[in-house]
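S.K.: Here is my input; please provide its structure:
(2 chains)
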Amino acid sequence: MGQSVKENAALPSLDQRQRWGVVDRKAEHDVVATTCESLRLRAPSLGTDVENLSGGNRQKVVLAKWLISGPELLIFDEPTRGIDVGAKAEIWQLMRDLADQGKAVLMISSELPEVIGMSDRVVVMHRGRIVGELPGETASEEAVMMLATYGESHGS
Amino acid sequence: MAAETGVVTRPRSAWRRVVDEQRDAIIIVGILLGIVILAGIFIPEFRTSRNLINVLRQGVALGIVSIGQTLAIMVGGIDLSVGAAISLVDVYATGFMAKYTAPTMVAGMVVALLSLGLIIGFVNANIITRFKLAPFIATMGVGAILQGLVLQFAKKPGGKIAPGWEYFAEGKFGPIPFPVVFLLALVGITWVLLSRTVWGRHVKATGGSELTARLSGIRTRRVTIFAYMFCSLMAAITGLYLTSRMGAGDPRVGGLEYERFDLDSIAAVLIGGTRLGGGKGSIIGTLAGVMIVSYLNNIFNLVGVNTYLQWIIKGLILLGAVAVYSVRRNGEA
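M.R.: Alright, predicted model coming up:
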């Protein structure tokens, strides 16, 4: 992670902003600045090394990387693990916004309150298998835990 | 930059930001200036224009090979075969030019030897990426094979250069020696490659973290192969340059007795602030590192430090430089 916020965030989508292999740095600056602003990334500047940022802000750089590349499906694997509460709320809000924009958002999480609070649809897995699906409105901790432990009492 | 203000919570002046982002470069240029100024004050012979131009001329060989070494280190590796590659090109070129001196023959030879350089880099990189060997072992082995080929071809200095070939090292471009212009052109090209192209970004990303780079969709093996090919190509050019400078071939020119281009180039690159292990560094830093190593060599010779002591001092400087960068980085995190 020796690179600046800008170089890091731009990496996966470099090919979208190049001409004969030369990076269009103006376009790069604009797209990274806009994205980081919308993520409320806090850094002294876009030229700051990512390794000098806090955990939550590093996570936002990762988000920026993939948001810039414009995907239709986003998979968040434990997106809020190990980051502070404020940044957590921001990342939840971001996932909500993305879903509202019509992107498919798949969140993998072992924190139940997060799952219940965020999801439109909850799929519960047990030992690598899908054991049940709940609509977001009716999902409760009890219902999820019941499914998650179902295999334990009835399984082989 | 209005668009950036949303990102900044601690507003800082543009000057402060430049200082923050270019700290390594500022330190290294400061050290270079310090050495030059001190030497200028205390050693009268040092500040003659003939000496200063001479240092530049001598620094060119180390400069060219260090440009290549920068790429190898930046991509997360290291290349210990450059010294032997230089010697190989050197003896092949002078052996060939002893027999054939027609311009078309010489041109063909240049193309063939530059291709040889590219092949050496290709072999290095493939051994590293396919067999997952540590770069220093892989390139040391290839270097040993190349040095064997060198000594099989020529055991002692010999060979000749074609008429006109000496221009490469001795020519003048107005008042400036041609090799200095040549080196600066290579530095410029490499600077553009590294900091302005997609490929340069891919090199840095691969060196920073190969896994992250791969997950970001970068073909890291291909990037690595090109980096090593570039490195060996620069070594081949250095070999050609040395034939022009010395007017004859020498099987030990690249790394057995006088200057060790493998170690000196690594020293120059690391002193120049490129991170061992890759991902971070600059070609301008390398140029400063090359000048520091060259000026130190020159100063040692002017004040008559013996060769053994020179080696010891150079080793200490290399260790010191790496230690300073490494301590500072651990402190930052």
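S.K.: Pull the contacting residues for residue B:186.
M.R.: B:63, B:64, B:67, B:234, B:237 (C-beta atoms under 8 Å, 6 or more residues apart in numbering or on different chains). (Each C-beta comes from the backbone N, C-alpha and C, glycine too.)
S.K.: Mind listing what's buried along whichever helix or strand the first one is part of?
M.R.: Take DSSP states H and E as the rule and residue B:63 turns out to sit in helix B:49-74. Residues B:51, B:55-74 are the ones in helix B:49-74 that count as buried (16 or more other C-beta atoms under 10 Å in any protein chain shown).
S.K.: Which residue, other than its chain neighbours, is closest to residue B:247?
M.R.: residue B:161 (5.6 Å; C-beta to C-beta, 6 or more residues apart in numbering or on different chains).
S.K.: Tally up the residues packed near that neighbour, please.
M.R.: Per other C-beta atoms under 10 Å in any protein chain shown, the neighbour tally for residue B:161 reads 24.
S.K.: And it, how close does it get to chain A?
M.R.: Going from residue B:161 to chain A by C-beta to the nearest C-beta, to the nearest Å gives 36 Å.
S.K.: Let me know how buried residue A:24 is, in neighbour terms.
M.R.: With other C-beta under 10 Å as criterion, residue A:24 counts 15.
S.K.: Look up how far residue B:295 lies from the closest residue to it other than its chain neighbours.
M.R.: Residue nearest to residue A:24 in three dimensions, not counting chain neighbours: residue A:17, with 4.5 Å by C-beta to C-beta, 6+ apart. Plainly put, residue A:17 is 41 Å away from residue B:295 if you go by C-beta to C-beta, to the nearest Å.
S.K.: For residue B:154, which residues are in contact?
M.R.: So residue B:154 contacts B:91, B:95, B:249, B:251 (C-beta under 8 Å, 6+ apart).
S.K.: Sort out for me which of these are in helices.
M.R.: Those of these mapping onto helices are B:91, B:95, per DSSP state H.
S.K.: From the contacts of residue B:154, keep the buried residues only.
M.R.: In the contacts of residue B:154, burial by neighbour count holds for B:91, B:95, B:249, B:251, counting by 16+ other C-beta under 10 Å.
S.K.: Give the other helices and strands that the host helix or strand of residue B:32 contacts.
M.R.: Secondary structure from DSSP H and E places residue B:32 in helix B:23-42. Where contact means 3 or more C-beta pairs under 8 Å, 6 or more residues apart in numbering or on different chains; DSSP states H and E, helix B:23-42 is packed against helix B:283-303.
S.K.: Report all helices and strands that the helix it packs on contacts.
M.R.: Using 3+ C-beta pairs under 8 Å, 6+ apart: helix B:283-303 touches helix B:23-42, helix B:49-74, helix B:178-196, helix B:261-271, helix B:307-332.
S.K.: before we move on, back to that, how about the contacts of residue B:154, which pair is most distant?
M.R.: Greatest spatial distance among the contacts of residue B:154 (C-beta to C-beta): B:95 and B:251, at 10.4 Å.
S.K.: who touches both of those two?
M.R.: Contacts common to residue B:95 and residue B:251, judged by C-beta under 8 Å, 6+ apart, are B:153, B:154.
S.K.: Test my guess that residue B:282 contacts residue B:25.
M.R.: Yes - using C-beta atoms under 8 Å, residue B:282 is in contact with residue B:25, at 6.3 Å.
S.K.: pLDDT weak spots in the stretch 151-300 of chain B?
M.R.: Within the stretch 151-300 of chain B, the stretches with pLDDT under 70 are B:256-259.
S.K.: just so I have it, where are all the strands in the stretch 101-250 of chain B?
M.R.: Counting by DSSP state E, counting those that start in this stretch, the stretch 101-250 of chain B has strands at residues B:172-173, B:176-177.
S.K.: any residues in contact with both of residue B:282 and residue B:25?
M.R.: residue B:273.
S.K.: From residue B:121, how far out is residue B:146?
M.R.: Distance from residue B:146 to residue B:121, by C-beta to C-beta: 12 Å.
S.K.: neighbour count winner among the two?
M.R.: Legend: neighbour count by other C-beta under 10 Å for residue B:146 and residue B:121, higher for residue B:121 (31 against 27).
S.K.: So which residues on chain A come close to chain B?
M.R.: When proximity is defined as C-beta under 8 Å from any C-beta of the partner chain, chain A approaches chain B at A:1-4, A:7, A:10-12, A:14-15, A:18, A:21-23, A:25, A:29-30, A:33-34, A:36-37, A:40-48, A:51-52, A:65.
S.K.: give me that answer again for 6 Å
M.R.: By C-beta under 6 Å from any C-beta of the partner chain, the part of chain A that sits against chain B consists of A:2-3, A:11-12, A:14, A:18, A:21-23, A:33, A:36-37, A:41-45, A:47, A:51.
S.K.: circling back: looking at the strands of the stretch 101-250 of chain B, which one is packed in the most?
M.R.: Sort the strands of the stretch 101-250 of chain B by mean neighbour count, taking mean count of other C-beta atoms under 10 Å in any protein chain shown, and strand B:176-177 sits at the top with a mean of 16.
S.K.: Outside of it itself, list whatever touches it.
M.R.: Residues outside strand B:176-177 that contact it (C-beta atoms under 6 Å, 6 or more residues apart in numbering or on different chains): residue B:57.
S.K.: do that again at 8 Å, thanks
M.R.: Here strand B:176-177 has contacts from B:53, B:56, B:57, B:170, B:171, using C-beta under 8 Å, 6+ apart.
S.K.: surely the third one meets residue B:169?
M.R.: Yes - shown here, residue B:57 and residue B:169 form a contact pair, counting by C-beta under 8 Å, at 7.3 Å.
S.K.: Please identify every residue contacting each of those two.
M.R.: With C-beta under 8 Å, 6+ apart as the test, residue B:57 and residue B:169 both reach B:179, B:245.
S.K.: Could you find the closest non-adjacent residue to residue A:107?
M.R.: residue A:76 (4.6 Å).
S.K.: For the one you found, which residues are in contact?
M.R.: Contacts of residue A:76 (C-beta under 8 Å, 6+ apart): A:95, A:105, A:106, A:107, A:108, A:109.
S.K.: Can you tell me the element it falls in?
M.R.: Taking DSSP H and E as the criterion, residue A:76 maps to strand A:73-77.
S.K.: Can you list the strands that that strand pairs with?
M.R.: Sheet pairing here is set by DSSP bridges, and for strand A:73-77 it gives strand A:104-108 (parallel).
S.K.: Buried ones in the strand it pairs with, by neighbour count?
M.R.: For strand A:104-108, by 16+ other C-beta under 10 Å, it's A:105, A:107.
S.K.: mind checking how far it is from the chain centre?
M.R.: The chain centroid and the centroid of strand A:104-108 are separated by 8 Å, computed with C-alpha atoms, centre = their mean, to the nearest Å.
S.K.: just to revisit the earlier point, following the chain past the strand holding residue A:76, name the next helix or strand.
M.R.: Strand A:73-77 is succeeded, C-terminally, by helix A:85-100 (DSSP H and E).
S.K.: what's the average pLDDT for that next one?
M.R.: Averaging pLDDT along helix A:85-100 yields 85.
S.K.: do the same with stretch B:120-127
M.R.: When pLDDT is averaged over stretch B:120-127, the result is 97.
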